[in-house]
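> Okay, predicted coordinates and the sequence, questions at the end:
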Amino acid sequence: MLLSVENLQVSYDNIKALHGISFGIEEGEIVCIIGANGAGKSTTLRAISRLVPAEAGTKMTFMGKDLLGYSADKVVSELGISHVPEGRRLFDNLTVMENLRLATFARRDPERIAADLERVFSIFPRLKERESQKAGTMSGGEQQMLAVGRAFMSGRKIMLLDEPSMGLAPLLMRSVFDSLTEINKEGTTILVVEQNARMALQFAGRGYVLENGGIVLEGGSGALLADPQVKKAYLGG
Amino acid sequence: MAIFLQNLVNSLQWGSFYALIALGYSMVYSILMLFNFAHGDIFMVGGYIGVGVSFGLLALSSSGILAIPNWLILVLTILFSMFLTSFVGMIVERVGYRPLRNAPRASAAITGLMIGIILETGNLILLGARRVSFPSLIETATYDLGGVFVTNKKIMIVAVSLLLTLALHQFIRRTKWGMAMRAMAFDFVAVPLMGVPVNKVIALTFGIGSALAAAAGILFGIAYPVLDPYMGVLFGWKAFVAAILGGRGSILGATLAGFLLGFTEIFVAMIFPSTLRDLIAYSIILLILTFRPHGFFGEPYSARLRL
């Protein structure tokens, strides 16, 4: 198991957001977590990235290492867990190139960085064109490309994506997911959380359904797409 | 005309001190949205460290262990004191501010004021209530430029502060640490996701700000060679005004506003009785802020996300 999460509990101001959820991902997989707004999807990713503290009783390991022993920046720089946060959170005041460079802050392998940069520009040629433009001046689709590119540069044993489809037109959404599939084929494991359940399940191999801070259903994407409960609640009938 | 130019020269020197100190306020504010109210006292500490370092180097030099000319002692004093004072700033951050990172901003402001008092009284305990003189390292040479008198010290002070400001600007524009600072100024929370060690960047920010304040302290000691433990209080507040006037978080703004403050004070003193200098000078500043509350280069309001 590449990433294993057991009994993950998180509270905000004494209100439980996650009631001890457990799941795992094997190397090379694409897994999605679907659920409604407020179900705890973002919190799950934030807990893995160590942006929010997990409560006692939580066990999280990545490649056999105890995740709870790492700070947020070390999760990225030492374990290679990258995170595309909700709403992308680009540094609008930095150029596209600076955004990509910043993601390599802790890396000490200039040759690999140069190669990775080439790869990002070959996956997203638009970013190359916009290289010296401020990130805040780009369109939503281009910003999502940069957010993924930035995660690609920061470390990529696994990529956590929080609602990558948000605010994108269906065609753009499709192309972002196509790029993610490509990145996955080159060895990056992907965990994506999505409100757009249909899109996510078409893209992922397996999925979990999160409701009110607990996992209520899990299975292969095909099975979940066919599940009457999922159909009713998340796929519009 | 000569009087005007003479005052212009004087205010360039006076503004240099404000500008260098204001940079520290602005840098910290842009990243943490917090004013380090101990910063004026770090200017004082920097000046005292400068005195200690220069006397130490002078002793080494006169005993023949390290025979170096006085101008080199001055250069070494500035550099070494900046280095030492940066640690004072980093310790203040580590001990005073880091534990309060998620506390209300008022707690941090009060902590800053308390740290300032601790630095002032600590100095009193350590060195007693007497004034300390800065050693005269370079002979004053005065040049008469058609009725305008310029000293080599004035030229040096203005040149060094401009040089340091320029160096800071380049550091923030071109290095990855500077890039991390700009990123943190925009969205603090997303920065660790880039693998950036946030605490180190914050420590460095405090360190650089304090080093610049130390440079100001030493330059001040060269121009006015008497230091006292409370020299940083009023100076610190005035530099804080410069940081606000420049626009919170703006490097360029802090520099310009520092010099503008210098000009205002000197020119007010040229026209009005000097006892009324601060009253009139800061009434003018207040008037400017009434019409431009966010300063020259600040954003009218911050729309930044802080989750």
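Done, it's in.
> how much space is there between B:Ile155 and B:Gly46?
Look at B:Ile155 and B:Gly46: by C-beta to C-beta, to the nearest Å, they are 21 Å apart. C-beta coordinates here come from the backbone N, C-alpha and C atoms, glycine included.
> higher neighbour count, these two?
B:Gly46 (32 against 15; other C-beta atoms under 10 Å in any protein chain shown).
> Quick check: that one is in a helix.
Yes: B:Gly46: assigned to a helix according to DSSP: H, G, I helix; E, B strand; the rest coil.
> what about the chain, any weak spots by pLDDT?
No chain in the question, so chain A it is. A:237 (pLDDT under 70).
> wrong one, I was asking about chain B
Along chain B, the parts satisfying pLDDT under 70 run over B:299-307.
> can you name the farthest residue from the center of it?
B:Gly64 (34.3 Å; C-alpha atoms, centre = their mean).
> Let's verify that residue: helix, strand, or coil?
coil.
> Next secondary structure after the helix or strand that B:Arg182 is a member of?
Secondary structure from DSSP states H and E places B:Arg182 in helix B:176-186. Where DSSP H and E defines the elements, the next helix or strand beyond helix B:176-186 is helix B:198-223.
> Return the distance of that next one from the chain's centre.
Distance of helix B:198-223 from its chain centroid, counting by C-alpha atoms, centre = their mean, to the nearest Å, is 7 Å.
> same question, stretch B:242-250
Using C-alpha atoms, centre = their mean, the offset of stretch B:242-250 from its chain centre is 13 Å.
> ok, which stretches of chain A are strands?
In chain A, the strands defined using DSSP state E lie at A:3-12, A:15-25, A:30-35, A:59-62, A:65-66, A:81-84, A:158-162, A:189-194, A:206-211, A:214-220.
> cool, the stretch 1-150 of chain B as well?
B:132-133, B:142-145, B:148-151 (DSSP state E, counting those that start in this stretch).
> In a markdown table: these, plus distance to A:Leu51 and mean neighbour count.
Compiled in a markdown table, these are given as follows (distance: least, C-beta to C-beta, whole Å; neighbours: other C-beta atoms under 10 Å in any protein chain shown):
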| stretch | distance to A:Leu51 | mean neighbour count |
| --- | --- | --- |
| strand B:132-133 | 48 | 14 |
| strand B:142-145 | 59 | 10 |
| strand B:148-151 | 55 | 16 |
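> Indicate which one of those strands is closest to B:Ile285.
strand B:148-151 (26.7 Å; C-beta to C-beta).
> buried stuff in the next helix or strand after that closest one?
Helices and strands here follow DSSP H and E; after strand B:148-151, the next one along the chain is helix B:152-174. Within helix B:152-174, the residues scored as buried using 16 or more other C-beta atoms under 10 Å in any protein chain shown are B:Lys153, B:Lys154, B:Met156, B:Ile157, B:Val158, B:Val160, B:Ser161, B:Leu162, B:Leu164, B:Thr165, B:Leu168, B:Ile172.
> Work out the gap between helix B:152-174 and the centre of the chain.
Worked out by C-alpha atoms, centre = their mean, helix B:152-174 lies 12 Å from the chain centre.
> and if you look at stretch B:247-267?
12 Å.
> Quick one: check it for contact with chain A.
No: Stretch B:247-267 is not in contact with chain A by C-beta under 8 Å from any C-beta of the partner chain; minimum separation 11.1 Å.
> what helix or strand does B:His294 sit in?
Per DSSP H and E, there is no helix or strand for B:His294.
> ok, it - how many residues close by?
16.
> From A:Leu94, how far off is it?
Going from B:His294 to A:Leu94 by C-beta to C-beta gives 22 Å.
> ok, of the buried residues of helix B:152-174, which one's closest to chain A?
Nearest to chain A among the buried residues of helix B:152-174: B:Ile172, at 11.7 Å, using C-beta to the nearest C-beta.
> can I assume that closest one is in contact with B:Ile251?
Yes: look at B:Ile172 against B:Ile251 with C-beta atoms under 8 Å: they come within range, at 6.6 Å.
> For chain A, which of the strands of the stretch 1-150 of chain B is the nearest?
Using C-beta to the nearest C-beta, the nearest of the strands of the stretch 1-150 of chain B to chain A is strand B:148-151, at 39.8 Å.
> The closest residue to A:Val120 other than its chain neighbours: neighbouring residues, count only.
Nearest non-adjacent residue to A:Val120, counting by C-beta to C-beta, 6 or more residues apart in numbering or on different chains: A:Gly149, 4.2 Å away. Using other C-beta under 10 Å, A:Gly149 has 26 neighbouring residues.
> tell me the contacts of A:Gly149?
Counting by C-beta atoms under 8 Å, 6 or more residues apart in numbering or on different chains, A:Gly149 makes contact with A:Leu100, A:Val120, A:Ile123, A:Phe124, A:Leu127.
> Around chain A, which positions in chain B sit nearby?
So far as C-beta under 8 Å from any C-beta goes, chain B lies against chain A at B:176, B:179-180, B:182-183, B:185-187, B:189-190, B:192-198, B:305.
> let's see it at 6 Å
Chain B comes close to chain A at residues B:Lys176, B:Met179, B:Ala183, B:Phe186, B:Asp187, B:Ala190, B:Pro192, B:Leu193, B:Met194, B:Gly195, B:Val196, B:Pro197, as judged by C-beta under 6 Å from any C-beta of the partner chain.
> Roughly how far does the first one sit from A:Arg108?
Distance of B:Lys176 to A:Arg108, computed by C-beta to C-beta: 12 Å.
> Which one's more surrounded, the two?
B:Lys176 (14 against 8).
> which residue packs closest to that one, ignoring adjacent ones?
A:Phe105 (5.8 Å).
> you'd agree the one you found is up against B:Val196?
Yes: here A:Phe105 reaches B:Val196: they are 4.6 Å apart, a contact under C-beta atoms under 6 Å.
> measure A:Asn212 to chain B for me?
Here the criterion is C-beta to the nearest C-beta, to the nearest Å. By it, A:Asn212 lies 21 Å from chain B.
> what do you get for A:Ile113?
11 Å.
> Now for the nearest residue to that residue once chain neighbours are set aside, how many residues are close by?
If the residues on either side of it in the chain are set aside, A:Ile113 comes closest to A:Thr104, at 5.0 Å by C-beta to C-beta, 6+ apart. Neighbours of A:Thr104 under the rule other C-beta under 10 Å: 23.
> do the same with the one 10 residues further on
Other residues lying near A:Ala114 total 11 when counted by other C-beta under 10 Å.
> who touches it in this structure?
By C-beta atoms under 6 Å, 6 or more residues apart in numbering or on different chains, the contact set of A:Ala114 is empty.
> What number of residues are in the vicinity of residue 70?
By default, I'm working from chain A. A:Tyr70, neighbours per other C-beta under 10 Å, totals 19.
> Hmm, no, I was thinking of chain B.
B:Asn70 has 16 nearby residues by other C-beta under 10 Å.
> how much space is there between it and A:Pro164?
64 Å.
> One more: B:Leu12?
54 Å.
> the more surrounded of those two?
Using other C-beta under 10 Å, the more surrounded residue of B:Leu12 and A:Pro164 is A:Pro164, with 26 against 21.
> circling back: any idea which of the strands of chain A is most buried?
Each of these was scored by mean neighbour count; the highest is strand A:81-84, a mean of 28, by mean count of other C-beta atoms under 10 Å in any protein chain shown.
> Having no further points to raise, I will conclude here.
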